[in-house]
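Colleague: sequence and predicted structure, then a few things I'm wondering about:
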Amino acid sequence: MARNRRSRPAEPASDLAQRYDAIPYPTAPQPATHPDHLAVVARLCGLETAPVESARVLEIGCGDGQNILSLAVALPHAHFTGLDVAPGPLARGAAAARDLDLTNVNLFEMDLQSAGTALGDFDYVLAHGLYSWVPPAVGARLLAVCCERLAPNGVALVSYNTLPGGHLRRMVRDILQFEVHSDDPPEAQVEAARGMLDLLEAGASHVAGQPDPFRRLLLEQARLAASRSDGGLFHDDLAPVCEPFYVTEFVAEAERHGLQFLGEADYFEMQEDRFGEDLGSLLRAVAAESVVLKEQYVDFLACRQFRMTLLCHEGISLDRTAGPAALPGLFVSSDAPPGDQDEDGAAVFGNDERGFVSAREPLALRAMQLLYDRRPLALPFAEILAAAVDREGGPRDEDADRLARFLYRTFAAGVIDLHTGPSAFILEPGTRPRASPLARLQLQTGSEVTTLRHTGVALDDRAAALLALLDGTRNRQVLSDGLGGSALDEIDADLRQLGRLGLLIG
């Protein structure tokens, strides 16, 4: 019989490395970890960080480096350091960096105990998918390293599973841990886990009528686990350690290591108004006393399962009301298309994935339409303001204030994005178009590529074939010949689509 998960010993770094070498963890760009995004959230909370374009970034638990390799391509004057204990993934990442001729990336095989002063200081420290999956002593060391290596105005991102939502996921984890023998080969563990998930699915189909709420929750979580890749299932659900935390617990531990709560990478999750007027008012009153306690109540209300918390050094004075005032110094981008009018006659922009915002005032309507027409380029606030004001003599101070407040609310609702600078990609290709070298390299092993928006996208066969040709040496006629004689207007349309995806460079 398998051992209960609570009796399982924590693995030393050498055993942990063997797990990741045996079954690779699926890596992908994480948009919320982009230093530009962290800098925006910090600025909205009253903290001015180092310039993103020349920042020093440390990723702890970088795996094969796919996250920071993408950043290094988009930010050639910034410098990126990745640490991990698994040599196999690191070797793959180092090979990719060499193929891309990236001189601003260093990947090191190193555990947290060795992460000393020789590394230097960093403006941004990333620790995504690590804290909940290591023993308490390692988690404490992780926070200590964040504090020790973080520049005075730096930002650290630490993600972790949270309570109370973590109880739901732990139901399935406990069942899988019962079934799986930790001393079996990794592939056998995954096979046993999938067999149990199949059993849970089959059992649900034999329950007469509608299952009770508990069984529905269990089935939903089992289906989510079954949908994960073998690497995701093995390293998340079958990991020796996988503990959720209350946000108040996590922040208290961070404070013991000289760090304070700054905010959340998912900024919209911090907004009290999404719970309605009455609850929003109550949450704002709680936040006036303790923003962390307010965040805990938000987790209770949302049954939240995961957080990406931002930390900064203790003693820094923050101003979380600074949001709208920061907008004039930022850039704005949006994919939100115009839709129908709402019941009050206001125009609605957005989609099911990002949410919706209503705009009635002409200033807001013109701004949102401009952003959609130029999507997904990041436009400076001043350019948006100038185009949105239809008045002789140009914008006035009150116009800038109204637009800033509207765009801040729209960002806080999750509908648009804010940036500290212009986009790393272009929409209009030159006579000899070029695509991201990282995306072209990734095409050698599959159709999933990383964009210069720090997102992943799966290309169809035609788009992949065109992208592979975009090395900057071919004009449109040569591209047409390479695609079997495609019409030039079709090539132009395809290039525009690749530009919209954030795959073209100047």
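Modeller: Received the coordinates, thanks.

Colleague: what is the mean pLDDT for the strand ranked longest in the chain?
Modeller: When the chain is scanned for its longest strand (criterion: DSSP state E), the result is strand 150-161. Strand 150-161 comes out with an average pLDDT of 98.

Colleague: right, and the helix or strand after the lowest-mean-pLDDT helix or strand in the chain?
Modeller: For the chain, counting by mean pLDDT, DSSP states H and E, helix 13-22 ranks last in confidence among helices and strands (a mean of 68). Per DSSP states H and E, the first helix or strand lying C-terminal to helix 13-22 is helix 35-44.

Colleague: so what touches that next one?
Modeller: Helix 35-44 is contacted by residues 31, 48-50, 52, 55, 57, 71, 75, 78, 123-124, 155, 157, 262-265, 267, 310, 312, 320, 322-323, 326, 329-330, 408, 417-421 when judged by Cβ atoms under 8 Å, 6 or more residues apart in numbering. No exception for glycine: its C-beta is placed from N, CA and C like everyone else's.

Colleague: change it to 6 Å
Modeller: Outside helix 35-44, the residues within contact range by Cβ atoms under 6 Å, 6 or more residues apart in numbering are 49, 52, 55, 57, 124, 155, 263, 267, 323, 326, 418-420.

Colleague: tell me the least confident of those residues?
Modeller: Gly323 (90).

Colleague: how near is Cys146 to Leu238?
Modeller: According to Cβ to Cβ, to the nearest Å, Cys146 stands 27 Å off from Leu238.

Colleague: quick one on the thing from earlier: just checking, what packs against the longest strand of the chain?
Modeller: Packing partners of strand 150-161 (3 or more Cβ pairs under 6 Å, 6 or more residues apart in numbering; DSSP states H and E): strand 122-127, strand 306-313.

Colleague: next, the angle strand 122-127 makes with that strand.
Modeller: 20 degrees (axes from the mean of the first three to the mean of the last three Cα atoms, to 10 degrees).

Colleague: give me the sheet partners of strand 150-161 and which way each runs.
Modeller: Using DSSP bridges, the strands paired with strand 150-161 are strand 122-127 (parallel), strand 306-313 (antiparallel).

Colleague: name the residues of the last one that are buried.
Modeller: In this case it means strand 306-313. Arg307, Met308, Thr309, Leu310, Leu311, Cys312, His313 (16 or more other Cβ atoms under 10 Å).

Colleague: now do the phi/psi pair for the nearest residue to Tyr246 once chain neighbours are set aside.
Modeller: Leaving aside its chain neighbours, Tyr246 sits nearest to Leu163 (5.0 Å; criterion: Cβ to Cβ, 6 or more residues apart in numbering). Dihedral pair for Leu163: phi -110, psi 150, per degrees, to the nearest 10.

Colleague: what count of nearby residues applies to Leu163?
Modeller: For Leu163, the neighbour count with other Cβ atoms under 10 Å is 21.

Colleague: and for Gly120?
Modeller: 11.

Colleague: likewise Ala364?
Modeller: Neighbour number of Ala364 under other Cβ under 10 Å is 23.

Colleague: show me what contacts it?
Modeller: Shown in contact with Ala364 (Cβ under 6 Å, 6+ apart): Phe406.

Colleague: mind telling me what element it is part of?
Modeller: helix 362-373.

Colleague: which residues does the helix or strand following that helix contact?
Modeller: For helix 362-373, the succeeding helix or strand toward the C-terminus, using DSSP H and E, is strand 379-380. The contact list for strand 379-380, computed with Cβ under 6 Å, 6+ apart, reads Phe331, Val332.

Colleague: roughly how far is strand 379-380 from the heart of the chain?
Modeller: 22 Å (Cα atoms, centre = their mean, to the nearest Å).

Colleague: pLDDT of it, averaged?
Modeller: Mean predicted confidence for strand 379-380 is 98.

Colleague: now do the buried residues in the helix or strand following it.
Modeller: Later in the chain than strand 379-380, the nearest helix or strand by DSSP H and E is helix 381-388. For helix 381-388, burial by neighbour count (16+ other Cβ under 10 Å) applies to Phe381, Ile384, Leu385, Ala387, Ala388.

Colleague: on that earlier part again, any chance of the helices and strands packed on strand 150-161 in JSON lines, plus distance to Leu233?
Modeller: Below are those laid out as JSON lines (distance: least, Cβ to Cβ, whole Å):
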{"stretch": "strand 122-127", "distance to Leu233": "22"}
{"stretch": "strand 306-313", "distance to Leu233": "17"}
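
Colleague: among the ones you listed, which is nearest Ala288?
Modeller: Ala288 lies closest, by Cβ to Cβ, to one member of the helices and strands packed on strand 150-161: strand 306-313, at 20.4 Å.

Colleague: quick check: Pro422 is in a strand.
Modeller: No. Per DSSP: H, G, I helix; E, B strand; the rest coil, Pro422 lies outside any strand segment and is coil.

Colleague: who are the contact partners of it?
Modeller: Neighbouring residues of Pro422 by Cβ under 6 Å, 6+ apart: Ala378.

Colleague: roughly how far apart are it and Arg19?
Modeller: From Pro422 to Arg19 the distance is 41 Å (Cβ to Cβ).

Colleague: run through who's touching stretch 156-163.
Modeller: 33, 125-128, 131-132, 146, 150, 244-246, 265, 299, 304, 306-311.

Colleague: go again with 7 Å.
Modeller: Residues from elsewhere that reach stretch 156-163 (Cβ atoms under 7 Å, 6 or more residues apart in numbering): 33, 38, 125-129, 131-132, 146, 150, 169, 244-247, 250, 259, 265, 299, 304-311.

Colleague: ok, stretch 274-293 next?
Modeller: Contacts of stretch 274-293 (Cβ under 7 Å, 6+ apart): Val247, Thr248, Val251, Phe261, Glu272, Asp273, Lys294, Tyr297, Val298, Leu301, Arg320.

Colleague: pull out the buried residues from these.
Modeller: Val247, Thr248, Val251, Phe261, Glu272, Lys294, Tyr297, Val298.

Colleague: in helices only, show me the residues you listed.
Modeller: Val247, Thr248, Val251, Lys294, Tyr297, Val298 (DSSP state H).

Colleague: just these now: which is nearest Arg215?
Modeller: Among these, Val298 lies closest to Arg215 (Cβ to Cβ), at 27.7 Å.

Colleague: tell me the contacts of the closest one?
Modeller: If you count contacts by Cβ under 7 Å, 6+ apart, then Val298 has Leu283 around it.

Colleague: pretty sure Leu418 sits in a strand.
Modeller: Yes. Secondary structure of Leu418 (three-state DSSP): part of a strand.
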